[in-house]
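# Sharing a model that was predicted from the sequence below.
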Amino acid sequence: MWRIFGIGGIAALHWVAFYGSIKYSNVSVGLLCFSAIGFFTAIIEPLVMGHRLDGVELLLGLLVIAGIFLIFQVDPHYKTGICIGLVSALLAALFPVLNKRVLRRVPAGTVTLYELSGGFLVLTVLMPLYLWLFPAPSLLPGWADLGWLLVLSWACTVLAFNLGMLALQKISAFTVSLSYNLEPVYGILLAFVLFREDKYLNKGFYLGLLIILSSIVLQMLRLWRRKIKTA
């Protein structure tokens with residue numbers, strides 16, 4: 001139980017870093033940094049699960065890092081957000097790999113309940129330190145914020161988290177992590193529509209985005225070919 005609580009704490013810290021990355025850069029840059037999860041998973045999963053390092057997965061992960069580095073070089077004023085985003089991606093790579101072992105013995109629904117509870121406890125303990133470093137004028141959300149928080153917690157967290165647990169019972173942690181890389185695609189398109197962030201991004205950003213999307217497409221083709229061969 002305490003091990004699952006700990007994994008939930010890692011997931012919660014990932015979310016804090018993820019939103020921090022967006023705060024110090026913007027939605028598009030924060031989401032692109034999240035794509036580095038594939039690179040970190042390609043290294044962490046073999047170490048934790050005890051199997052050989054997959055060179056192709058590592059190269060695809062490095063391709064994502066190259067795209068992020070290109071954006072970093074072109075837009076240095078986003079460097080703080082990019083650094084926090086990479087920490088977020090590292091933490092995000094840890095908990096699917098650790099969950100893969102837990103889900104061999106514990107049902108997905110139970111894991112979701114314990115991990116979200118563990119994340120709540122970790123953030124509660126860290127809240128005084130956070131408020132000391134970053135004082136807030138108000139702690140209670142307004143009615144509009146409360147509505148969005150409920151959507152964020154139920155639809156975007158609990159439901160999505162449980163679906164991720166079920167997926168881990170069928171496929172590898174790297175493949176799950178790679179599917180997370182589609183999140184920037186959806187998120188960036190929404191950011192363009194809702195916040196018009198396309199006005200603030202230059203050609204270097206789009207080139208980096210193209211490199212990252214290429215790594216996703218290559219891995220999906222690789223998995224598709226593997227499935228055809230084993231069918």
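Okay, I see it. Note that the structure is predicted; figures quoted are calculated from it, not measured. Residues are numbered from 1 along each chain as shown.
# Okay, now the unreliable bits of the protein?
Scanning the chain for pLDDT under 70 picks out 74-75, 172-181, 200, 227, 231.
# Kindly recompute the last result at 90.
Flagging of the chain using pLDDT under 90 yields the residue ranges 1-3, 24-80, 82, 92-112, 116, 130, 133-144, 149, 152-231.
# next one: the helix or strand encompassing Gly109 to chain centre, how far?
Per DSSP states H and E: Gly109 is located in helix 108-133. Remark: helix 108-133 is offset 17 Å from the chain centroid, using Cα atoms, centre = their mean, to the nearest Å.
# buried residues in that helix?
Using 16 or more other Cβ atoms under 10 Å as the test for burial, helix 108-133 gives 108, 111-112, 114-116, 118-119, 122-123. Any C-beta I mention is one placed from the backbone N, CA and C, and that applies to glycine too.
# do stretch 194-208 as well
197, 201, 205, 208.
# which helix of the chain spans the most residues?
Across the chain, the longest stretch assigned as helix under DSSP state H is helix 203-230.
# Determine the set of other helices and strands touching that helix.
helix 27-34, helix 55-74, helix 173-180, helix 182-195 (3 or more Cβ pairs under 8 Å, 6 or more residues apart in numbering; DSSP states H and E).
# Can you tell me which of the ones you listed is nearest to Met220?
Closest approach to Met220 among the helices and strands packed on helix 203-230 (Cβ to Cβ): helix 173-180, 7.7 Å.
# Tell me how many other residues crowd the closest residue to Phe39 other than its chain neighbours.
Spatially, and ignoring its direct neighbours in sequence, Phe39 is nearest to Gly61 (2.9 Å; Cβ to Cβ, 6 or more residues apart in numbering). The tally of other residues near Gly61 (other Cβ atoms under 10 Å) stands at 26.
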